[in-house]
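Student: Just need the structure, nothing else, for what follows:
(one chain, ligands or ions: 1)
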Amino acid sequence: MANLNNKKLVIIGGEGNGGVIAACIEDNRKRFNDYECMVYGFVNDFETQVNGYPVLGGTDDIPKLLKNEDLYFMFAIHIIGRNVLSEQVFRKVNIPKNRYAIVLHKTALIADNAILEPGVFVMSNSYIGPKAHIGQCSLVMANSIIGHDTKCGPVCHFSASSITSSYVTIGLCSDVTLNAKVLEKRNIGNFAVAGAASLITKDIPDYEIHVGSPAKFMKRVRED
Ligand SMILES: CC(C)(COP(=O)(O)OP(=O)(O)OC[C@H]1O[C@@H](n2cnc3c(N)ncnc32)[C@H](O)[C@@H]1OP(=O)(O)O)[C@@H](O)C(=O)NCCC(=O)NCCS
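Tutor: Predicted structure coming up:
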């Protein structure tokens, strides 16, 4: 039976990650008759519209938007390499957990006992294994795999076609980027990045970007 909730979603972000969340919601509606959510608009400090959707205000307008109790939110700001800044904006918007939605593409396969915190997004053809725990407002882009018992903190980002194996732990606001692969039982710290197409065989400490196969230290993320 069709889900007709039509929950009004405000996406905080731009055409990159935010546009993908909007595309997911539209596809769920058009191809799968899933009307759980509708895109009500965006919050963006620089644009007046995003992909044809209205911008309802900037991040300073969020307290006003929160007063409308019909609105739910998704946090889609995540700049790879500017992880510290992304997390600062996440703290600034300060949306109560119960006002975040969870958006899942209908083709995503999520184990029954995986835990998805509020604000999590999972795009098409992704897989999240048993007992995985995905932190608040983390974004799992298309064709990503996250193995069983893997845990990540809030505001992490898994780019398209990333593979994160089982029993991996990932801290706060970190990245597994395009086509990167993380071997099982590795630890990725806070504000850390597994670069595009890397093979992560060793732990990545806080604030470090590692690239290559096997991956090695490249540089630190910006801290401003
Ligand atoms: C690791 C990363 C953040 C570095 O970005 P950057 O600081 O802008 O790096 P640059 O593009 O300036 O490249 C600097 C050097 O590193 C090399 N390099 C960059 N990324 C690399 C990678 N993933 N693996 C190997 N080498 C890499 C470049 O070839 C360049 O080498 P050179 O100095 O010999 O020419 C970036 O390459 C990356 O992985 N981005 C993720 C992309 C992604 O997932 N996007 C989201 C889509 S959903």
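Student: and the chain, which residues reach the ligand?
Tutor: By the rule Cβ under 6 Å from any ligand atom, the part of the chain lying against the ligand is 80-81, 141, 159-160, 177-178, 193, 195-198, 209, 211-212. All C-beta spots, glycine's among them, are computed from the backbone N, C-alpha and C.
Student: So what's the residue count around the nearest residue to G147 once chain neighbours are set aside?
Tutor: Leaving aside its chain neighbours, G147 sits nearest to S166 (3.4 Å; criterion: Cβ to Cβ, 6 or more residues apart in numbering). Residues near S166, counting by other Cβ atoms under 10 Å, number 17.
Student: hey, where'd the helices end up in this protein?
Tutor: 17-32, 62-66, 83-93 (DSSP state H).
Student: Domain map for this structure?
Tutor: 7-99, 103-217 (automatic domain parsing).
Student: Let me have these in a markdown table, extended by mean pLDDT.
Tutor: Below are the domains of the chain laid out as a markdown table (pLDDT from 0 to 100):
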| stretch | mean pLDDT |
| --- | --- |
| domain 7-99 | 97 |
| domain 103-217 | 98 |
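Student: and the residues of the chain next to the ligand, which are buried?
Tutor: Buried subset of the residues of the chain next to the ligand (neighbour count, 16 or more other Cβ atoms under 10 Å): 80-81, 141, 159-160, 177-178, 193, 195, 197-198, 209, 211.
Student: Mark which of those residues are part of strands, please.
Tutor: V193, I209, V211 (DSSP state E).
Student: So for this structure, the centremost residue is which one?
Tutor: L139 (1.4 Å; Cα atoms, centre = their mean).
Student: can I assume it is in contact with S162?
Tutor: No: using Cβ atoms under 8 Å, L139 is not in contact with S162, being 11.0 Å away.
Student: Next, count neighbours for K106.
Tutor: If we define neighbours as other Cβ under 10 Å, then K106 has 14 of them.
Student: how much space between the closest residue to it other than its chain neighbours and N68?
Tutor: Once flanking residues are discounted, K106 sits nearest to F32: 4.2 Å by Cβ to Cβ, 6+ apart. From F32 over to N68 the distance is 27 Å, taken as Cβ to Cβ, to the nearest Å.
Student: And E47, by the same measure?
Tutor: Noted for E47: a distance of 21 Å to N68, by Cβ to Cβ.
Student: start to end distance for stretch 145-158?
Tutor: End-to-end distance for stretch 145-158, by Cα to Cα, to the nearest Å: 9 Å.
Student: Pick the most buried one from the domains of the chain.
Tutor: Greatest average neighbour count among the domains of the chain goes to domain 103-217 (a mean of 21), per mean count of other Cβ atoms under 10 Å.
Student: quick one: it to chain centroid distance?
Tutor: Chain-centre distance of domain 103-217: 10 Å, with Cα atoms, centre = their mean, to the nearest Å.
Student: what does stretch 76-85 give?
Tutor: Centre-to-centre, stretch 76-85 and its host chain are 11 Å apart (Cα atoms, centre = their mean).
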